[in-house]
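Q: please find the sequence and the predicted model below.
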Amino acid sequence: MSPPTSSRGKESGTARVLGSGTSGVAELLIFHPVDTIAKRLMSNKLKASESGLSAIIFRDKANAPIVKRFLSLFPGLGYAAGYKISQRIYKFGGQPWFNDILTRHYKTSFTNAFGERKGKMMMQATAGSLTGIGEVVLLPLDALKIKRQVNPEAFRGRGVIRIFKEEGTTLYRGWGWTMARNAPGSFALFGASAVTKDYVLGVSDYSKATFAQNFVASVAGAVASITVAAPLDTIKTRIQNANFERKISGMTVVKDLLREEGATALFKGLTPKILVVGPKLVFSYTIAQSLIPYFAKYV
């Protein structure tokens with residue numbers, strides 16, 4: 001799932017940043033509306049039949065012309081851009097970096113515990129998990145993006161600089177649940193992708209996988225990741241979309257959700273995520289893999 005390193009070593013530097021960053025921009029413009037729909041479905045506490053699916057998704061633009069309804073799915077695009085581009089750069093560069101460290105210092109331990117073939121896949125998955133945990137540093141941008149998508153009144157006309165000054169550490173609200181979500185989610189993403197390439201497709205050198213093989217492996221890894229992380233993602237989203245001044249704990253969210261909506265509510269928004277996650281990851285992965293070696297020729 002990460003860009004290969006060129007023989008000249010440039011793909012681990014400027015070229016990787018430019019390539020993965022550009023893939024994040026392209027992914028954002030195409031898939032941000034679907035992400036908004038998923039977040040609004042996860043934040044909705046009523047049954048769709050009670051309030052109308054259109055009202056849940058489009059809010060006050062539910063009865064507006066189709067163009068205005070579509071544009072209403074782009075709230076918080078600036079925050080989303082900052083988060084998505086940073087997240088893609090970190091994801092593409094961080095996972096192979098962690099994998100290099102594990103290979104350099106702990107390869108023998110993984111090989112002794114799981115065997116050479118499974119040990120390699122476990123290092124890929126573990127490196128992904130470590131990368132996911134580290135994503136907590138980007139939490140403020142993610143929190144602002146979610147608030148703009150589902151609770152825009154929380155901003156009350158304030159700009160981003162003022163919000164950072166006034167809210168401070170509250171922008172890291174839900175950091176524990178974010179790490180709890182990212183660790184197994186990223187483990188499943190990179191682990192399932194590696195397992196699919198190795199066992200199903202017979203690819204031992206992951207960097208030499210064809211487009212079709214990357215497509216299949218990406219879909220398998222992404223579906224596994226989204227499904228595993230879905231309950232914790234719902235909890236994290238509800239913590240983050242509350243007003244800044246309202247402090248709510250994750251356990252309170254869990255108890256209220258189970259009591260009022262039932263356990264199935266933990267998987268709200270899962271269907272649109274799964275429907276888009278295959279082409280979404282394949283798209284960003286292909287763009288990054290294509291642009292990184294291209295930029296490596298010039299930078």
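A: Here it is on my side, so go on. What you see is a predicted model; the values in this text were computed from it and never measured.

Q: residue with max distance from the center of this structure?
A: N112 (32.2 Å; C-alpha atoms, centre = their mean).

Q: for that one, give me its contacts.
A: Counting by C-beta atoms under 8 Å, 6 or more residues apart in numbering, N112 makes contact with G119. For glycine as for every other residue, the C-beta is placed from the backbone atoms N, C-alpha and C.

Q: element containing it?
A: Applying DSSP states H and E as the criterion places N112 in helix 77-114.

Q: so whichever helix or strand comes after that helix versus helix 77-114, what angle?
A: Sequence-wise, the next helix or strand downstream of helix 77-114 (DSSP H and E) is helix 116-134. Here the directions of helix 116-134 and helix 77-114 differ by 150 degrees (axes from the mean of the first three to the mean of the last three C-alpha atoms, to 10 degrees).

Q: which stretches of the stretch 151-299 of the chain form helices?
A: 160-167, 175-195, 211-240, 250-260, 270-296 (DSSP state H, counting those that start in this stretch).

Q: in TSV, list the ones you listed along with distance to G202, mean neighbour count and mean pLDDT.
A: Output for those, formatted as TSV (distance: least, C-beta to C-beta, whole Å; neighbours: other C-beta atoms under 10 Å; pLDDT from 0 to 100):
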stretch	distance to G202	mean neighbour count	mean pLDDT
helix 160-167	48	13	68
helix 175-195	12	23	87
helix 211-240	9	22	82
helix 250-260	42	14	78
helix 270-296	20	19	76
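
Q: low pLDDT regions in the stretch 51-200 of the chain?
A: The model of the stretch 51-200 of the chain has pLDDT under 70 over residues 51, 76-80, 145-160, 165-169.

Q: same thing but at 80, please
A: For the stretch 51-200 of the chain, the stretches flagged by pLDDT under 80 are 51-52, 59, 74-84, 92-94, 96, 141-174, 177.

Q: and I89, what does it touch?
A: R16, V17, S20, G21, G24.

Q: then L281?
A: Contact partners of L281, counting by C-beta under 8 Å, 6+ apart, are M1, S218, V219, G221, A222.

Q: then G132?
A: Counted by C-beta under 8 Å, 6+ apart, G132 has contacts M179, N182, A183, G185, S186, F187.

Q: between the helices of the stretch 151-299 of the chain, which one is nearest to S54?
A: The closest of those to S54 is helix 270-296. By C-beta to C-beta, the value is 14.5 Å.

Q: now do the closest one against helix 77-114, angle only.
A: Going by the same axes, to 10 degrees, helix 270-296 makes 90 degrees with helix 77-114.

Q: how far off helix 175-195 does helix 270-296 point, in degrees?
A: Using the same axes, to 10 degrees, helix 270-296 lies at 70 degrees relative to helix 175-195.

Q: now find how far off-centre helix 270-296 is within its chain.
A: 12 Å (C-alpha atoms, centre = their mean, to the nearest Å).

Q: run the angle between that helix and helix 211-240 for me.
A: Using the same axes, to 10 degrees, helix 270-296 lies at 120 degrees relative to helix 211-240.

Q: residues touching P272, list them.
A: V34, I37, A38, L41.

Q: check S72 too.
A: Going by C-beta under 8 Å, 6+ apart, the list of residues near S72 reads F58, R59, D60, K61, A64.

Q: widest-spaced pair of those?
A: The largest separation in the contacts of S72, counting by C-beta to C-beta, is between R59 and A64 at 10.0 Å.

Q: of these two, who's got more company?
A: Higher neighbour count among R59 and A64: R59, with 17 against 14, using other C-beta atoms under 10 Å.
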